[in-house]
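Undergrad: just the structure for this:
(one chain, ligands or ions: 1)
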Amino acid sequence: MPEGPEIWRAAARLGEVLDDRVVEAVEFTQPRLHNYGPVLSGSRVRRVEARGKAVVTHFDNGLYLYSHNQLYGRWYVRKRGQLPATARTLRAALHTAAHSALLYSASDIEVLDEAGLAHHSYLARLGPEALAQNVHWRDIAARLRDPAFAGRRLSSLYLDQHFVAGIGNYLRSEILFDAGLHPARRPRDLGRGDLGALARSTLVITRRSLRTGGVTNPDARASKLKRQGLSYGAYRHAVFARAGEPCYACDTAIRRETMGSRRIYLCPTCQPEA
Ligand SMILES: [Zn+2]
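TA: Got it, this is the predicted structure:
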């Protein structure tokens, strides 16, 4: 599933062609949404915004298009009238004079008014956005100390969008490795230094991934590995999807485990259990 950085990049691509533009034609292929096509056609897009793993398009007529891609959904931007070569099913199309924004395969699509947006079951539960510039590491540290979260294992906390929005499976492994913390640990058992390090890593790694197009390794290491001829998939992460490979910090073999029914990767030396 795409994580915050991927969704933010998709929203930015959409914003480049939709922000402040009139959508001359809007179409939905699901019968329950058919009626909204004519309602939205002719309106102007105010902005496209990423919220957690959802994309919200704001229209100047007071309506919002909410879409959550789940596993398979994907937005494409094309010159108007061109379609991508894909076997996916078209769900929504927004056509400006010059471009088409096309949403494929996502089934979690809603058109909302102001109140519907404010009370949306997914959006209303989102924690602070790791990628939002106004979120400070101290906000994340406060979240970690909150009794609602402090007693939970980091492995489960770091997949919960209510704790911090925009983090998913690869970021979970990479953040906990960067902070040197074992995923079975709980915030309430961590000292001040570890909590601060974890809060900082949460923002640093997530924002790095947005900036680099999904690379969580530090820039210098990623560049070095790239120069050695490694593929994007191989130089991308420090631990994620590197089971059996040596840790870049200590040479210990990276271990793959399952936590929260998702795979997680860690270095048993750099991330001791207690
Ligand atoms: Zn290590």
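
Undergrad: now the helices for this protein?
TA: 4-18, 36-40, 114-118, 137-145, 147-150, 154-157, 169-179, 192-212, 219-227, 232-235 (DSSP state H).

Undergrad: among these, which is nearest the ion?
TA: helix 169-179 (7.9 Å; C-beta to the ion). Placement of C-beta: from N, CA and C, glycine included.

Undergrad: relative to helix 4-18, how tilted is that closest one?
TA: Angle of helix 169-179 versus helix 4-18, following axes from the mean of the first three to the mean of the last three C-alpha atoms, to 10 degrees, is 120 degrees.

Undergrad: is helix 169-179 up against the ion anywhere?
TA: No: judged by C-beta under 5 Å from the ion, helix 169-179 makes no contact with the ion; its nearest approach is 7.9 Å.

Undergrad: returning to what we had before: now tabulate the helices of the chain in a markdown table and tack on mean neighbour count and mean pLDDT.
TA: A markdown table is the format used below for the helices of the chain (neighbours: other C-beta atoms under 10 Å; pLDDT from 0 to 100):
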| stretch | mean neighbour count | mean pLDDT |
| --- | --- | --- |
| helix 4-18 | 21 | 95 |
| helix 36-40 | 16 | 97 |
| helix 114-118 | 12 | 97 |
| helix 137-145 | 18 | 97 |
| helix 147-150 | 13 | 98 |
| helix 154-157 | 22 | 97 |
| helix 169-179 | 25 | 97 |
| helix 192-212 | 19 | 97 |
| helix 219-227 | 13 | 97 |
| helix 232-235 | 13 | 96 |
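
Undergrad: and the chain, what are its domains?
TA: Residue ranges of the domains in the chain are recorded as 4-124, 137-266, according to automatic domain parsing.

Undergrad: gap between the two ends of the longest one?
TA: What it means is domain 137-266. This stretch, domain 137-266, spans 23 Å end to end (C-alpha to C-alpha, to the nearest Å).

Undergrad: ok, stretch 25-32 next?
TA: 18 Å.

Undergrad: and if you look at stretch 28-39?
TA: 11 Å.

Undergrad: what about the closest residue to residue 89 other than its chain neighbours, how many residues nearby?
TA: The shortest distance from residue 89 to any non-neighbouring residue, by C-beta to C-beta, 6 or more residues apart in numbering, is to residue 105 (5.6 Å). Using other C-beta atoms under 10 Å, residue 105 has 16 neighbouring residues.
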